[in-house]
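Visitor: fold the following for me, if possible:
(4 chains)
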Protein chains: 2
Amino acid sequence: MHHNGHEDSNPSVTVDIVIFTIQKSSLKVLLVKRKYPPYEGSWAIPGGFVRYEEPLEDAALRELYEETGVRDVFIEQLYTFGAPNRDPRKRVITVAYYALISSENLVFRPDSEVSDVRWFSIYDLPRLAFDHDKILDIALKRLRNKIMYTNIAFQLMPELFTLTELQNAYEVILGRKLDKRNFRKKILSSRIIEKTSERKVEGRHRPAHLFRFLPSGMEKNNNKEELINI
Amino acid sequence: MHHNGHEDSNPSVTVDIVIFTIQKSSLKVLLVKRKYPPYEGSWAIPGGFVRYEEPLEDAALRELYEETGVRDVFIEQLYTFGAPNRDPRKRVITVAYYALISSENLVFRPDSEVSDVRWFSIYDLPRLAFDHDKILDIALKRLRNKIMYTNIAFQLMPELFTLTELQNAYEVILGRKLDKRNFRKKILSSRIIEKTSERKVEGRHRPAHLFRFLPSGMEKNNNKEELINI
DNA sequence: TCAAAAGTGTTGTGTGTACACCCATGT
DNA sequence: ACATGGGTGTACACACAACACTTTTGA
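Guide: From the prediction side, this is the model:
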């Protein structure tokens, strides 16, 4: 690693990946605690250097896999951040991605306070290293925007889910309540889910129907998105 | 310039900028003819290396200025392209931008066939170097999408303009006709333009009123955009 | 007086939104 | 029987789309 970047006319290139999931009715992002300077001890978005022969998206998927053990995940390029002083050591240009993963897919769930990788509620974030607060902010805006006219929210859901669970996902992401009847009308009329014969029995009340996404030529976690309107 | 990139663990970083304008009722992009290999003699989107201490957007603005002589232009980051083999010499990651410039602002208008920099209609493009056809395609999609819910089309217009001229700009970008009455209703109700006392006399027919954009806290070419709906 | 573009309203259709009650189940 | 969340329909406001004629000017 060069610490005197000026001898190298090329900036370094990294990928950073904002990983979202929903846990306990809360939208969470995965952060890692930095072990070395700069920003030692601060929390940061996972990321790392792009290998010489590695496509950018592959680098992002590799980082994602290293942190979460999850493959076959929806990711999308977000924005490229290149302020000359965003890393105090040398010029580092980072291509930011965001990912949505279903909490059922999590191989390990870094929850404990002692771990150096942890899920944080978007409403209870620590101070972040570098310009990562800006990256996270833009990722959240993109997610909130895109959930309104695409089906990306489905990437956050398990295989089978109830309409209330789906609505909760939307509400948690948007940070506001939605009307139950209007939501169901909209989702059902978009013909992207189908009712299964199964029900979810949970507590002493009427069981909910379970739904699944319609394959419709595109598979879940296929990195494809379809236009809908909520 | 290294020709053996493998000795340098860092990819090179460039910016490329898709420059749009409207000329003669046609949407045009600026292309430059390459003087050296690879792709010698092919047309390409203007671009160049990012200097070590230079913000990405500054690099894009610099390239834009070098090719067009225009400053204070609307530009927006588009996407970052980083396929390992997109440049046959070595790994080059390019951060693509797009720009909209009013043809009245053009200091020089590269029109002649002999020049090595020229405006091309988007419907009559030459074969492009590298992956520049993909970049241009994405830029055009973004422009067409964004024109529908922001005021960026105004960046393409002169200081004073008629409603018919503005509608032509929309039609040329979208590649389809719009309804005159509905268009005027929409634009006028969005309260982002104001009628001036001047008229444009042109030909043997009724002169059109000239309009200008309302400052509304944000200046033209301020790289800000406002949400509207067309 | 004619050619050419400017300018102007209404109506139907569809979409978004607000809103309240009965149903099915477990305890 | 009751507590709990599941599930359902209607009415109103607004946005969008389709559509044709009159006005103003220069030649």
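
Visitor: tell me which parts of chain A are close to chain B?
Guide: A:5-6, A:8-13, A:50, A:52-56, A:77, A:79-80, A:82-84, A:91, A:93, A:95 (C-beta under 8 Å from any C-beta of the partner chain). (Each C-beta comes from the backbone N, C-alpha and C, glycine too.)

Visitor: the residues you listed in strands, which ones?
Guide: A:S12, A:V13, A:Q77, A:Y79, A:T80, A:I93, A:V95 (DSSP state E).

Visitor: so how far is A:Y123 from the last one?
Guide: Taking C-beta to C-beta, to the nearest Å as the criterion, A:V95 is separated from A:Y123 by 27 Å.

Visitor: between the two, who's got more neighbours?
Guide: A:V95 (27 against 9; other C-beta atoms under 10 Å in any protein chain shown).

Visitor: up against DNA strand D, what does chain A have?
Guide: A:162-164, A:180-182, A:184-185, A:199, A:203-209 (C-beta under 7 Å from any atom of the strand).

Visitor: just the buried residues of the ones in strands among the residues of chain A next to chain B.
Guide: A:S12, A:V13, A:Q77, A:Y79, A:T80, A:I93, A:V95 (16 or more other C-beta atoms under 10 Å in any protein chain shown).

Visitor: state the mean pLDDT of the helix ranked longest in chain A.
Guide: Longest helix in chain A, counting residues (DSSP state H): helix A:132-146. What helix A:132-146 shows for mean pLDDT is 98.

Visitor: give me the residues contacting it.
Guide: Here helix A:132-146 makes contact (C-beta atoms under 8 Å, 6 or more residues apart in numbering or on different chains) with A:16, A:18, A:20, A:29, A:44-45, A:76, A:78-79, A:81, A:94, A:96, A:98, A:100, A:122, A:125, A:127-128, A:152, A:173-175, A:225.

Visitor: Produce a ChimeraX select command limited to the buried residues of the residues you listed.
Guide: A single ChimeraX command selects the buried members of these (16+ other C-beta under 10 Å):
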select /A:16,18,20,29,44,45,76,78,79,81,94,96,98,100,122,128,152,173,174,225
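
Visitor: in helices, which of the contacts of helix A:132-146 appear?
Guide: Short answer: the contacts of helix A:132-146 in helices (DSSP H) are A:I173, A:L174.

Visitor: ok and the residue in chain A nearest DNA strand C?
Guide: Closest approach of chain A to DNA strand C (C-beta to the nearest atom of the strand) occurs at A:R204, with a separation of 2.9 Å.

Visitor: which helix or which strand is home to that residue?
Guide: Here A:R204 sits in a region with no helix or strand, counting by DSSP states H and E.

Visitor: tell me how many other residues crowd it.
Guide: Applying other C-beta under 10 Å, I find that A:R204 has 5 neighbouring residues.

Visitor: do you know the pLDDT at it?
Guide: 92.

Visitor: for A:N221, same thing?
Guide: 51.

Visitor: follow-up on the earlier one: can I get the buried ones among the ones in strands among the residues of chain A next to chain B in JSON lines with distance to B:I193 and pLDDT?
Guide: Output for those, formatted as JSON lines (distance: C-beta to C-beta, whole Å; pLDDT from 0 to 100):
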{"residue": "A:S12", "distance to B:I193": "46", "pLDDT": "96"}
{"residue": "A:V13", "distance to B:I193": "42", "pLDDT": "97"}
{"residue": "A:Q77", "distance to B:I193": "35", "pLDDT": "98"}
{"residue": "A:Y79", "distance to B:I193": "30", "pLDDT": "98"}
{"residue": "A:T80", "distance to B:I193": "34", "pLDDT": "98"}
{"residue": "A:I93", "distance to B:I193": "38", "pLDDT": "98"}
{"residue": "A:V95", "distance to B:I193": "38", "pLDDT": "98"}
